[in-house]
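A.B. asks: please find the sequence and the predicted model below.
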Amino acid sequence: MDGRLQIFAGTSHPALAKDITRELEVQLGRALVGTYRNGETRVRLDENVRGSDCFVIQTICMPYDHHLMELLLMIDALRRASAARITAVIPYYGYSKQEKKTAGREPISAKLVANLITVAGAHRILSIDLHAPAIEGFFDIPVDHLRATPLFARHFRDIVAGGGVVVSPDAGGVARAEDFRGRAGGTLAIISKRHPEPDQTATLEMVGDVSGKAVIVVDDMISTGETVVQAARLLRDRGAASIHVAATHGIFAGDAMRLLDASPITDIVVSDTLPLAEDVDRQRVTTITVAPLLAEAIMRIHKDLSISALFT
């Protein structure tokens with residue numbers, strides 16, 4: 001590898017790609033990424049990448065299949081153009097909610113996507129807050145799994161310092177909430193839930209005292225909004241003074257904003273791993289950027305430095 005750092009981006013989140021390259025003080029690589037007249041995805045690199053350390057920034061969001069195909073074709077193009085190393089930078093890993101079989105005759109879509117990315121020619125993966133830790137094991141190539149928790153902990157530190165409670169909306173998110181609490185302070189509460197059907201949530205019970213306190217519900221994503229809305233209703237019934245939500249990935253699928261607007265949630269903070277949908281109320285939803293975090297990780301990978309040092 002001759003040391004050249006080159007960064008390319010698909011069409012899923014151009015604003016984030018520009019912010020990352022601005023942080024790195026490099027130019028975004030020239031590439032044609034579009035569609036043919038028949039609707040098939042078209043990719044052509046307009047840079048010499050032979051021997052370069054290349055990064056492809058592509059969050060996998062709606063339309064999921066199209067943006068996934070863009071990523072695969074860009075990786076294949078870089079491999080065929082003799083790039084020395086290809087890192088797929090995937091801020092939000094689409095299909096991550098399908099990381100296990102919940103019934104017979106279902107696919108494990110997150111594993112299939114991992115296979116596709118690997119076969120296309122990626123040498124390593126860089127992502128933020130994968131929905132399930134098992135997804136890291138789906139890859140036979142290195143995965144650098146970043147956490148957005150420090151960013152949210154800094155944002156909510158003043159609220160938590162005043163006696164706030166950090167809430168995990170399910171048992172699977174306890175480690176994330178505990179990490180948040182360890183950085184920002186406060187106490188911990190845990191809500192138990194189950195999913196009777198896909199995209200449906202049934203809240204069962206809560207452990208912890210939230211009466212008269214500000215609470216921060218910490219989750220990895222807001223998709224349909226049902227999880228955080230049901231959690232907020234339970235917290236209100238238990239006497240919470242104010243209810244704040246911190247979620248890394250703001251998907252806001254379907255009528256999620258309608259549910260959230262009708263809920264007792266005080267405010268919502270998400271990161272910019274995904275572009276906000278047009279119907280998202282910018283007055284109600286605050287965005288914090290992950291561009292500096294991703295830029296630092298990219299530079300550390302390029303220079304063969306530790307990534308875990310970012311979270312000590």
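C.D. replies: Sure, I can see it.

A.B. asks: what's the residue nearest the centre of the chain sitting at in phi/psi?
C.D. replies: In the chain, the centroid-proximal residue (Cα atoms, centre = their mean) is residue 92; its distance is 3.7 Å. In terms of degrees, to the nearest 10, the main-chain angles of residue 92 are phi -120, psi 120.

A.B. asks: also residue 42?
C.D. replies: Dihedral angles (degrees, to the nearest 10) for residue 42: phi -120, psi 130.

A.B. asks: show me the beta-bridge partners of it.
C.D. replies: residue 34 (DSSP bridges).

A.B. asks: and the strands in the stretch 201-312 of the chain, which stretches?
C.D. replies: All strands of the stretch 201-312 of the chain, identified by DSSP state E, counting those that start in this stretch, fall at 202-207, 214-222, 242-250, 267-271, 285-288.

A.B. asks: the residue nearest to the centre of the chain and residue 273 touch, don't they?
C.D. replies: Yes. With contacts defined as Cβ atoms under 8 Å, residue 92 counts as touching residue 273 at a distance of 4.6 Å. Every residue, glycine included, has its C-beta placed from N, CA and C.

A.B. asks: identify the contacts common to those two.
C.D. replies: 59, 128, 249 (Cβ atoms under 8 Å, 6 or more residues apart in numbering).

A.B. asks: identify the residue spatially nearest to the second one, adjacent ones excluded.
C.D. replies: Looking back up the chat, that one is residue 128. Distances taken as Cβ to Cβ, 6 or more residues apart in numbering put residue 146 closest to residue 128, at 4.6 Å, once the chain neighbours are dropped.

A.B. asks: surely the one you found and residue 129 touch.
C.D. replies: Yes. Shown here, residue 146 and residue 129 form a contact pair, counting by Cβ under 8 Å, at 7.4 Å.

A.B. asks: any residues in contact with both of those two?
C.D. replies: Between them, residue 146 and residue 129 share no contacting residue, judged by Cβ under 8 Å, 6+ apart.

A.B. asks: for the chain, give me the ranges with low pLDDT.
C.D. replies: Residues of the chain meeting the criterion pLDDT under 70: 1-2, 194-204.

A.B. asks: domains in it, by residue range?
C.D. replies: 5-148+292-311, 149-289 (automatic domain parsing).

A.B. asks: rewinding a little: pipe the strands of the stretch 201-312 of the chain into a markdown table and attach mean neighbour count and distance to residue 76 per row.
C.D. replies: Putting these into a markdown table (neighbours: other Cβ atoms under 10 Å; distance: least, Cβ to Cβ, whole Å) gives the following:
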| stretch | mean neighbour count | distance to residue 76 |
| --- | --- | --- |
| strand 202-207 | 13 | 43 |
| strand 214-222 | 25 | 29 |
| strand 242-250 | 25 | 26 |
| strand 267-271 | 21 | 29 |
| strand 285-288 | 16 | 32 |
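
A.B. asks: so can I have CSV of these showing distance to residue 16?
C.D. replies: Listed next are the strands of the stretch 201-312 of the chain as CSV, based on distance: least, Cβ to Cβ, whole Å:
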stretch, distance to residue 16
strand 202-207, 33
strand 214-222, 16
strand 242-250, 12
strand 267-271, 10
strand 285-288, 11
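
A.B. asks: ok, which of the ones you listed comes nearest residue 175?
C.D. replies: strand 214-222 (10.5 Å; Cβ to Cβ).
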